[in-house]
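Peer 1: Kindly return the folded structure for what I paste below:
(one chain, ligands or ions: 1)
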Amino acid sequence: MKDIQLENRAVTDEKTKIAANNVNVYYGDTRAIKDVNIDIKSRTVTAFIGPSGCGKSTFLRCLNRMNDTIDSCRVEGRILLDNEDIYDTKVDPVQLRAKVGMVFQKPNPFPKSIYDNVAYGPRIHGLASKKADLDGIVEDSLRKAALWDEVKDRLQAPGTGLSGGQQQRLCIARAIATSPEVLLMDEPCSALDPIATAQVEELIDGLRTNFSVVIVTHSMQQAARVSQQTAFFHLGNLVELGDTDHVFTNPTDPRTESYITGRIG
Ligand SMILES: Nc1ncnc2c1ncn2[C@@H]1O[C@H](COP(=O)(O)OP(=O)(O)OP(=O)(O)O)[C@@H](O)[C@H]1O
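Peer 2: Residues are numbered from 1 along each chain as shown. All right, here's what the predicted structure looks like:
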């Protein structure tokens, strides 16, 4: 393993937040995810790593039913959030996505003000009855996203006018404004410079006080820095899941070892 700094990061909460059982995902006839079983713990950062095309993003998108929006995609198996099947017909995917928020690779603020970007979710979900309550949610979310001090004097300015790193923190504020329980992050730093990346990584570490975070990353260094649990995917299989320090220093499966030593991927 080259140059990967591990920190002492015990899993903070052993409770299972999401349990996936025998999950298979197909695009048309092609099976992209093969019989995946995984428990994702509360108040823990779990990193999904693995070579390009191994299915990390596909599996991540199953966790808040974002794959429902892809016509050719079919998900089989069960995914339980707090023991409730998220694919049950009575589950409203829009409500589910308020509970299981998502941050994407490229910052994608709405063409609206900073304030309205964050207020959007609470407004559509009716989370604030008074303007003062909404103001409170916006401030709290921007503080948790470590952006408040930089934008508090220009909340009516367009979100798209912020720097890339600020835009990504705005998207994180937008995702946490509905008080989700889980935050899914699909390579959230890949469009950011090293300084903005460090800020977002620090933020992710703080977020686990309140949320379960699942992050897809191409960077093993990032996985080692921010996560307590690491899942290694290869060719649609979940090869190994364990404590991050264990996966990086003493992997159980030879495929994991090959990946972290740079022999595959
Ligand atoms: N919308 C889609 N339609 C058809 N096939 C898809 C679609 N999205 C992903 N795939 C295929 O599913 C497999 C898994 O892709 P996925 O994007 O989940 O992998 P990944 O590990 O996240 O890759 P990367 O690290 O490159 O982002 C790949 O073979 C990919 O080509």
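Peer 1: Next up, the contacts around Val247.
Peer 2: Val247 makes contacts with Thr230, Phe232, Glu240, Leu241, Thr256, Ile260, as judged by Cβ atoms under 8 Å, 6 or more residues apart in numbering. For every residue, glycine as well, the C-beta is placed using N, CA and C.
Peer 1: secondary structure class for the first one?
Peer 2: Applying DSSP: H, G, I helix; E, B strand; the rest coil to Thr230 yields a three-state assignment of strand.
Peer 1: Who does it form a beta bridge with?
Peer 2: For Thr230, the beta-bridge partners under DSSP bridges are Ala47, Gly242.
Peer 1: To what extent is it buried, counted in neighbours?
Peer 2: Neighbours of Thr230 under the rule other Cβ atoms under 10 Å: 26.
Peer 1: Could you double-check that it sits in contact with Thr217?
Peer 2: No. Contact criterion Cβ atoms under 8 Å: Thr230 and Thr217 do not qualify, at 9.7 Å.
Peer 1: Quickly list what's touching both of these two.
Peer 2: Common neighbours of Thr230 and Thr217 (Cβ under 8 Å, 6+ apart) are Ala47, Ile49, Ala223.
Peer 1: Quick one, grab the pLDDT at the residue nearest to Leu235 when sequence neighbours are not counted.
Peer 2: Distances taken as Cβ to Cβ, 6 or more residues apart in numbering place Cys54 nearest to Leu235, at 6.0 Å, with adjacent residues excluded. At Cys54, the predicted lDDT confidence score is 96.
Peer 1: Check Gly265 too.
Peer 2: 62.
Peer 1: Other residues contacting stretch 115-122?
Peer 2: With contacts defined as Cβ under 8 Å, 6+ apart, stretch 115-122 is touched by 98, 109-110, 112, 127-128, 134, 137-138, 141-142, 155-156, 159, 170-171, 173-175, 177-178.
Peer 1: May I have the lowest-mean-pLDDT helix or strand in the chain as CSV, with CA atoms only?
Peer 2: When each helix and strand of the chain is scored by mean pLDDT, DSSP states H and E, helix 194-207 comes last, with a mean of 89. Taking Å, rounded to 0.1, in the frame of the first residue of the first chain, the C-alpha atoms of helix 194-207 are listed here in CSV:
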residue,chain,number,x,y,z
PRO,A,194,-7.0,20.0,-3.0
ILE,A,195,-7.9,22.8,-0.6
ALA,A,196,-11.7,22.4,-1.3
THR,A,197,-11.2,18.6,-1.0
ALA,A,198,-9.6,18.9,2.4
GLN,A,199,-12.5,21.2,3.5
VAL,A,200,-15.1,18.7,2.3
GLU,A,201,-13.3,15.8,3.9
GLU,A,202,-13.2,17.6,7.2
LEU,A,203,-16.9,18.3,6.9
ILE,A,204,-17.6,14.6,6.1
ASP,A,205,-15.9,13.6,9.3
GLY,A,206,-18.1,16.1,11.3
LEU,A,207,-21.3,14.9,9.5
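Peer 1: Can you give me the buried ones in it?
Peer 2: Neighbour counts using 16 or more other Cβ atoms under 10 Å place Ala196, Thr197, Gln199, Val200, Glu201, Leu203, Ile204, Asp205, Leu207 of helix 194-207 among the buried residues.
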